[in-house]
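Undergrad: coordinates only, no sequence provided:
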Ligand SMILES: [Zn+2]
């Protein structure tokens, strides 16, 4: 299904509609700019209806506790106040201003403007991501072309249509296509209509997008990241046990699927015996957290079991690294590895434990600089500041408590930048 | 493969006394695989199963999930036919069959279909609800090849979908012509195919107000993947009614069977619509958390075991299905073996992850 000018069309009409869009874009660009207030109002109405339960039938595909979490997040994050705050945090002063007078030069008016046309390629890796990405594009006044992920179950389209229902003036700015990922022609055409391409996905996906983008198009990448937790002198740090429990809960609830999820626990040591001792200590903590978080839904449990088992067999085939030293618990495992590389774990509560003495942190983080994002930290209080500083100097973006590795902090950036800022440009007009 | 030959030559396809022979045939198959398939050997060693000595019961045989087969192509020696499963996300598994496997499958098909009165000495006319095998469609060829294993005594075969320059098109007119001709003849007609295609034909006939009185002994045989099987279960009543209305075929002459590319064993429903486990296979239902066997009457992952094939390690596989094994001893049909009920499927395996990077978009595409 395609959403175009507020109306839905069959997927087969894509070519015709893209040609029509090419005619429409200059007309819309010449109109008065879309105000963020319109978008904020539509999102606020969506939030109110969501909390009233108006979309409950759309959310039946999610487990009940997930729906609760989503609603709590929506209540806080989709509110007018929060969105206004987001605008200020991410864009700073969007009002125009005039530069100071310097002799011999003209003064200029400075202001932020939308990039123009944004093409969003949202991977299906997070629920609501396509709609969220689009909303950010709207808040910055851009015309948005959205390619839905192939796994999208119709939820994104429903939510977006709701926004248009609340504020029909949004329809000029929203074009949603369910193009197949293999339809290179179609995606290239969409890219050619755009000023910038916002792409969420793996290194491979980003590489492919770079390949199909016109040379002049700005590519806004939200790439794949790997999280880890650093443990230094757990014997000396206050309430280390509670922090490890927090880490275990984080692993159990995110199943290590998020960019910010903990894939590896690094131990500040060179001694493999310490690494092993830690693994043995952590396994029962992880097992308790995993069992406490076990879903009742047999289809999901069975799926997770199958995925873990398949992953395990692949390691025997040598397609995944062979790990000889695995401590297996019910529904989870702790994998001991001798190297220090930052890498993806088998996920689904199978965490890697490696050694990383403090002196090697710089070397390891530099080697993995493209994939750095979040680090949890367990250490004595007196070391906290110095290790945090070292992490951010070496490229990390977030340093958090272990339990909060995937938490959302209002005001936070995304991968080192504010999304809204990336969707705008600064213009100068001579006074 | 002496034991396989013996097992697949069993006179009674539901003989419950052959458990020891079944286990021994599995061990024989295991010995072949571990010596001829390096990947299989690696997996067995990883799972700490080093020889058939380590296999005390069928549940000890290393299990290969179809999920893995879709990601990894196992090879184990020479083969004659390669079948490809249809995958939902474009991933497919390849299963290769050697001559002995095909021969065993044929013997099995004859025994089972004879048992259920599908195959008689009387020659039949076949209408196949599917594709005519065509080089461009490997999946279809596999399915059709599977079906045709018991097409031996056919007078004629007609395929409802024909390959044209614009892809597959229903060849409706020629089916109607054929039905008009068959109605007057003596030979029973056999409709074979997947429930959806068959349903499609019935609906077309109904829409055009056409109905036929086919010769006595005519049957509708429904096969297909497990998935199709349970998804369409709700429509069964309508299906039976349409069969009666358009072709004058009664419910008892509608026989269902199913299998999977990764487990090409023929399961056929008895008069009470139960899919009893034949002598050629065993089913173990496993705990969705631990994969331990959980016995009968409980829902779990479905582990299918059969020593049919040498050329691919499909001795013990695990599908994405959730099922229950029921005690069949009291089924009035007389077959004593347990029967399988498929109750659902595991959640989709396109797990949402951004840590691994969603391979969802532009996967493998070179631009
Ligand atoms: Zn029965």
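TA: Noted; the coordinates are in hand. Small disclaimer: the values here were computed from a predicted structure and weren't measured.

Undergrad: alpha carbons only for contacts and neighbour counts from here, please
TA: Fine.

Undergrad: so what's residue A:290 closest to, chain neighbours aside?
TA: Nearest residue to residue A:290 in three dimensions, chain neighbours excluded: residue A:252, at 5.0 Å (Cα to Cα, 6 or more residues apart in numbering or on different chains).

Undergrad: confirm residue A:67 sits in a helix?
TA: Yes - assessed with DSSP: H, G, I helix; E, B strand; the rest coil, residue A:67 lies in a helix.

Undergrad: could you find the closest non-adjacent residue to it?
TA: Residue A:67's closest residue in space is residue A:59 (Cα to Cα, 6+ apart), at 6.9 Å.

Undergrad: surely that neighbour is in contact with residue A:68?
TA: No - shown here, residue A:59 and residue A:68 do not form a contact pair, counting by Cα atoms under 8 Å, at 10.3 Å.

Undergrad: how many residues are close by residue 344?
TA: Just so you know, I chose chain A. 19 (other Cα atoms under 10 Å in any protein chain shown).

Undergrad: um, chain B though
TA: Applying other Cα under 10 Å, I find that residue B:344 has 20 neighbouring residues.

Undergrad: then the one 3 residues further on?
TA: Residue neighbour count, defined by other Cα under 10 Å, stands at 17 for residue B:347.

Undergrad: if we can go back for a sec, can you read off the pLDDT for the residue nearest to residue A:290?
TA: On pLDDT, residue A:252 comes in at 92.

Undergrad: so what's it up against?
TA: Applying Cα atoms under 8 Å, 6 or more residues apart in numbering or on different chains to residue A:252 gives the contacts A:286, A:289-290, A:293, A:348-349.

Undergrad: over to residue B:340?
TA: Residue B:340 neighbours (Cα under 8 Å, 6+ apart): B:274-277, B:323-326.

Undergrad: state the distance from the residue lying closest to it once chain neighbours are set aside to residue A:161.
TA: With sequence-adjacent residues excluded and distances taken as Cα to Cα, 6+ apart, residue B:340 is closest to residue B:325, at 4.7 Å. Distance, residue B:325 to residue A:161, using Cα to Cα, to the nearest Å: 45 Å.

Undergrad: isn't residue A:353 right next to residue A:335, touching?
TA: Yes - with contact defined as Cα under 8 Å, residue A:353 and residue A:335 form a contacting pair (5.9 Å).

Undergrad: common neighbours of those two, please.
TA: In contact with both residue A:353 and residue A:335: residue A:279, using Cα under 8 Å, 6+ apart.

Undergrad: more neighbours, those two?
TA: residue A:353 (27 against 23).

Undergrad: so that one is in which element?
TA: For residue A:353, the host element (DSSP states H and E) is strand A:350-355.

Undergrad: check what pLDDT residue B:236 gets.
TA: 71.

Undergrad: run a quick neighbour tally on it.
TA: 12.

Undergrad: contacts for the helix or strand of chain A with the lowest mean pLDDT?
TA: In chain A, the helix or strand scored least confidently by mean pLDDT, DSSP states H and E is helix A:64-77, which has a mean of 80. Residues from elsewhere that reach helix A:64-77 (Cα under 8 Å, 6+ apart): A:47, A:50-51, A:59, A:82-83.

Undergrad: so how far is that helix off the chain centroid?
TA: 17 Å (Cα atoms, centre = their mean, to the nearest Å).

Undergrad: tell me which residues of that helix are tucked away?
TA: Under the neighbour-count criterion of 16 or more other Cα atoms under 10 Å in any protein chain shown, helix A:64-77 has A:71, A:74-75, A:77 buried.

Undergrad: isn't there a strand covering residue B:322?
TA: Yes - Residue B:322 sits within a strand when classified using three-state DSSP.

Undergrad: report the contact partners of it.
TA: A:299, B:299-302, B:342-346.

Undergrad: try it again with 6 Å
TA: B:300-302, B:343-345 (Cα atoms under 6 Å, 6 or more residues apart in numbering or on different chains).

Undergrad: ok, now residue B:82?
TA: Contacts of residue B:82 by Cα under 6 Å, 6+ apart are B:95-96.

Undergrad: and what about it, helix, strand or coil?
TA: strand.

Undergrad: quick one: pLDDT of the closest residue to chain B within chain A?
TA: Closest residue of chain A to chain B, Cα to the nearest Cα: residue A:202 (3.7 Å). Looking at residue A:202, its pLDDT reads 76.

Undergrad: before we move on, back to that, hmm, the residue nearest to residue B:340 is touching residue B:296, no?
TA: Yes - with contact defined as Cα atoms under 6 Å, residue B:325 and residue B:296 form a contacting pair (5.0 Å).

Undergrad: which one of those two is surrounded by more residues?
TA: residue B:325 (24 against 17).

Undergrad: most neighbours of all the contacts of residue B:322, which one?
TA: Busiest of those [other Cα under 10 Å] is residue B:301, holding 33 neighbours.

Undergrad: got any ranges where the stretch 1-150 of chain B has weak pLDDT?
TA: Low-confidence segments of the stretch 1-150 of chain B, defined by pLDDT under 70: B:83-91, B:118-122, B:129-150.

Undergrad: again, 90 this time
TA: Across the stretch 1-150 of chain B, residues meeting the criterion (pLDDT under 90) sit at B:1-2, B:11, B:16, B:67, B:70-150.

Undergrad: list the contacts for whichever residue of it sits closest to the ion?
TA: Nearest residue of the stretch 1-150 of chain B to the ion (Cα to the ion) works out as residue B:14 at 10.4 Å. Residue B:14 is in contact with B:278-279, counting by Cα under 6 Å, 6+ apart.

Undergrad: give me the domain ranges for the chain.
TA: No chain in the question, so chain A it is. A:2-224+A:415-430, A:226-404 (automatic domain parsing).

Undergrad: looking at chain B here, not the other one
TA: If you go by automatic domain parsing, chain B breaks into B:2-104+B:281-345, B:117-260.

Undergrad: what parts of the stretch 151-300 of chain B come near chain A?
TA: B:288-289 (Cα under 6 Å from any Cα of the partner chain).

Undergrad: coming back round to it: ok, so of the contacts of helix A:64-77, who is nearest residue B:41?
TA: Nearest to residue B:41 out of these is residue A:59 (Cα to Cα; 44.9 Å).

Undergrad: number of nearby residues for the closest one?
TA: Considering only other Cα under 10 Å, residue A:59 is surrounded by 14 other residues.

Undergrad: could you flag which of the contacts of helix A:64-77 are buried?
TA: By 16+ other Cα under 10 Å, the contacts of helix A:64-77 give A:47, A:82-83 as buried.

Undergrad: need phi/psi at residue B:96.
TA: Per-residue torsions, residue B:96: phi -110, psi 140 (degrees, to the nearest 10).

Undergrad: any idea what it is bridged to?
TA: residue B:82 (DSSP bridges).

Undergrad: list the contacts of the closest residue to residue A:100 other than its chain neighbours.
TA: The shortest distance from residue A:100 to any non-neighbouring residue, by Cα to Cα, 6+ apart, is to residue A:107 (6.7 Å). By Cα under 6 Å, 6+ apart, the residues touching residue A:107 are A:99, A:101, A:431.

Undergrad: what about 8 Å?
TA: A:98-101, A:430-431.

Undergrad: which residues do residue B:325 and residue B:296 both contact?
TA: With Cα under 8 Å, 6+ apart, residue B:325 and residue B:296 have common neighbours residue B:285.

Undergrad: gap between the residue of chain A closest to chain B and residue A:179?
TA: For residue A:202 relative to residue A:179 (Cα to Cα), the value is 19 Å.

Undergrad: neighbour-wise, which of those two wins?
TA: Each of residue A:202 and residue A:179 has its neighbours counted (other Cα under 10 Å); residue A:202 has more, 26 against 21.

Undergrad: for the nearest residue to residue B:77 once chain neighbours are set aside, grab phi and psi.
TA: Nearest residue to residue B:77, sequence neighbours excluded (Cα to Cα, 6+ apart): residue B:311, at 5.7 Å. With angles defined as degrees, to the nearest 10, residue B:311 sits at phi -80, psi -10.
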